[in-house]
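Student: here is the input, now give the coordinates:
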Amino acid sequence: MFKRLYAWVLCGLLILLCAACQRLENSPAPPPLDADMERLPILEESEVTTATVYYATLDKKYLLPLNLTVNATKEVAQVTLEKLLAGPPSATAASLLPPDTKLLDLYSSQTIVYVNVTKDILEVDRAYAQLALDSILCTVLPLTEGYRLQLLVEGQVGEHLGSVDISAPLALPEPGINLDAPSRERWRLYQAKDEATVGIALTYYLSDSQALYLVPQTLFYLPETEEGDGESAAEEDRYSPAAYARAVLAALLEADEQNSGLNHPFWTGTELLDLWVEDNTVYVDFSSQLTGYGGGAATESMLLDCLTYSLTSLPGISAVQVLIEGRSGSLPEGMDISKPLTPQKPINDQQ
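Tutor: Numbering: from 1, shown residues only. As a prediction, the model looks like this:
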């Protein structure tokens with residue numbers, strides 16, 4: 001009797017399960033996007049031949065912008081995104097996105113950019129999902145102004161990429177990419193405060209582990225948390241180019257390459273002796289330990305690149321005059337620092 005009852009219960013469960021599966025198969029798919037919405041291509045006003053694409057460092061800890069040559073085009077957003085999905089141009093950088101992911105469509109409507117890709121993107125490594133999404137945002141959104149990005153998976157709005165919510169349009173990462181460790185705490189404090197103190201995202205550059213690329217770091221500058229001597233700490237100077245330069249150089253001097261996986265440019269013991277700004281040129285006077293590396297063209301070039309690109313990325317600074325114990329001249333490998341330095345090409349130019 002009990003066997004017969006058990007058989008009837010089992011049959012009933014199987015019938016219910018089959019009915020549920022049938023309902024699932026016959027249930028309508030998620031509603032498509034409004035078919036009548038205006039879809040506009042994302043075009044530049046004139047043709048361009050270079051584009052910045054955000055890949056990752058080899059350890060996949062940081063976004064890495066590479067400046068690539070492209071065939072002359074106005075559709076630079078589509079070209080850069082296709083290059084991102086295809087992977088980096090060499091084995092010295094890493095891709096964060098699944099290799100089979102393809103771009104199906106790219107368009108804008110009102111102030112939203114829609115990026116439609118194949119479902120292969122859902123195979124992204126969960127550990128890198130946020131950084132992978134940021135690589136798409138940073139590659140596409142700088143080509144628009146004030147837009148957000150909606151990621152579509154085969155025409156549908158998804159829910160998650162890994163553990164990251166993609167159900168609504170997204171903006172560029174705040175306060176910036178590759179936020180350095182001290183700035184995370186500043187950013188947390190800033191978000192929790194009601195006062196009118198203005199925080200500013202500043203960019204500086206460290207070298208990747210191979211000394212091949214400059215890797216951008218975001219320093220969240222919050223004046224009340226910054227230390228400085230007399231003039232730089234004065235209220236009216238907290239938002240000056242000199243104050244920004246001091247904060248960035250402090251970050252460069254204090255960078256811990258063992259913890260970050262990146263190489264900082266300064267030889268151990270280097271100190272900043274003085275800093276001032278005149279006519280958009282920042283003068284930075286270092287102690288003699290700046291040249292403690294003693295030689296090596298790659299080391300010397302990376303030192304000047306980190307200094308030049310970091311300081312000229314700041315508001316109000318377009319050139320850098322490097323001094324050592326108050327004197328200019330040349331570095332051990334002969335690189336000239338007798339005149340102010342300016343960037344000679346885009347960051348990580350691959351031409």
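Student: what ranges do the strands span in the stretch 1-150 of the chain?
Tutor: Counting by DSSP state E, counting those that start in this stretch, the stretch 1-150 of the chain has strands at residues 48-56, 63-73, 103-109, 112-117, 148-153.
Student: quick one: the last one to strand 103-109, angle?
Tutor: Looking back up the chat, that one is strand 148-153. Using axes from the mean of the first three to the mean of the last three Cα atoms, to 10 degrees, the direction of strand 148-153 lies 150 degrees away from that of strand 103-109.
Student: could you do the fourth one as well?
Tutor: Between strand 112-117 and strand 103-109, the angle formed by their directions is 170 degrees, by the same axes, to 10 degrees.
Student: can you pull the domain assignment for the chain?
Tutor: Domain assignment for the chain by automatic domain parsing gives 48-165, 181-324.
Student: any idea how far apart the tips of the shortest one sit?
Tutor: This stretch, domain 48-165, spans 33 Å end to end (Cα to Cα, to the nearest Å).
Student: pLDDT on it, on average?
Tutor: Averaging pLDDT along domain 48-165 gives 97.
Student: ok, stretch 327-346 next?
Tutor: Per-residue scores along stretch 327-346 average to 95.
Student: and the strands in the stretch 251-351 of the chain?
Tutor: Counting by DSSP E, counting those that start in this stretch, the strands of the stretch 251-351 of the chain are 272-278, 281-286, 319-324.
Student: for the ones you listed, which one sits closest to L66?
Tutor: Comparing those against L66 with Cβ to Cβ, the closest turns out to be strand 319-324 (23.4 Å). Just so you know, the C-beta spots here come from the backbone N, C-alpha and C atoms, and that holds for glycine as well.
Student: pLDDT (mean, whole number) over that closest one?
Tutor: 98.
Student: to L331, which of the strands of the stretch 1-150 of the chain lies closest?
Tutor: Closest among those, once you apply Cβ to Cβ, is strand 63-73, at 25.5 Å.
Student: so how far is Q350 from the nearest residue to C306 once chain neighbours are set aside?
Tutor: Spatial nearest neighbour of C306, chain neighbours left out: P265 (4.0 Å); criterion: Cβ to Cβ, 6 or more residues apart in numbering. Distance, P265 to Q350, using Cβ to Cβ, to the nearest Å: 21 Å.
Student: name the residue in those two with the higher neighbour count.
Tutor: P265 (24 against 15; other Cβ atoms under 10 Å).
Student: please name the residues that touch the more buried one.
Tutor: Neighbour list for P265: 206-207, 252, 302-303, 306-307 [criterion: Cβ atoms under 8 Å, 6 or more residues apart in numbering].
Student: gap between it and Q258?
Tutor: 15 Å.
Student: got it, and V115?
Tutor: From V115 to Q258 the distance is 37 Å (Cβ to Cβ).
Student: also T49?
Tutor: 40 Å.
Student: more neighbours: which of the two?
Tutor: T49 (12 against 5).
Student: once you drop chain neighbours, what's closest to the more buried one?
Tutor: With Cβ to Cβ, 6+ apart, the residue lying closest to T49 is A72, at 5.3 Å.
Student: what sits against the one you found?
Tutor: Applying Cβ under 8 Å, 6+ apart, the residues near A72 are 47-49.
Student: mind listing what P223 touches?
Tutor: 197-198, 238-239, 243.
Student: can you do 7 Å?
Tutor: 197, 238 (Cβ atoms under 7 Å, 6 or more residues apart in numbering).
Student: before we move on, what about P346?
Tutor: 50, 67.
Student: ok, it to L143 distance?
Tutor: 15 Å.
Student: got it, and P182?
Tutor: 31 Å.
Student: mind exporting stretch 333-347 as CSV, just the C-alpha atoms?
Tutor: Backbone C-alpha positions of stretch 333-347 (Å, rounded to 0.1, in the frame of the first residue of the first chain) are rendered in CSV as follows:
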residue,chain,number,x,y,z
GLU,A,333,72.1,58.8,-19.2
GLY,A,334,72.3,62.3,-20.8
MET,A,335,68.6,63.2,-21.0
ASP,A,336,68.3,67.0,-21.1
ILE,A,337,66.5,68.7,-18.2
SER,A,338,68.0,72.2,-18.8
LYS,A,339,64.6,73.3,-20.2
PRO,A,340,61.0,72.8,-19.3
LEU,A,341,59.6,69.4,-20.4
THR,A,342,56.2,68.8,-22.1
PRO,A,343,54.6,65.6,-23.3
GLN,A,344,55.7,64.8,-26.9
LYS,A,345,53.0,62.2,-27.7
PRO,A,346,49.8,60.7,-26.3
ILE,A,347,50.0,58.4,-23.3
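Student: rewinding a little: got a markdown table for the contacts of A72, with distance to G155 too?
Tutor: Shown next, in a markdown table, are these (distance: Cβ to Cβ, whole Å):
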| residue | distance to G155 |
| --- | --- |
| E47 | 30 |
| V48 | 29 |
| T49 | 32 |
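Student: pick the one among these closest to R188.
Tutor: Nearest to R188 among the contacts of A72, with distances taken as Cβ to Cβ, is V48, at 38.2 Å.
Student: that closest one against E75, yeah?
Tutor: No: applying Cβ atoms under 7 Å as the test, V48 and E75 come out as separate, 9.7 Å apart.
Student: indicate which one of the strands of the stretch 1-150 of the chain is closest to S328.
Tutor: strand 63-73 (29.6 Å).
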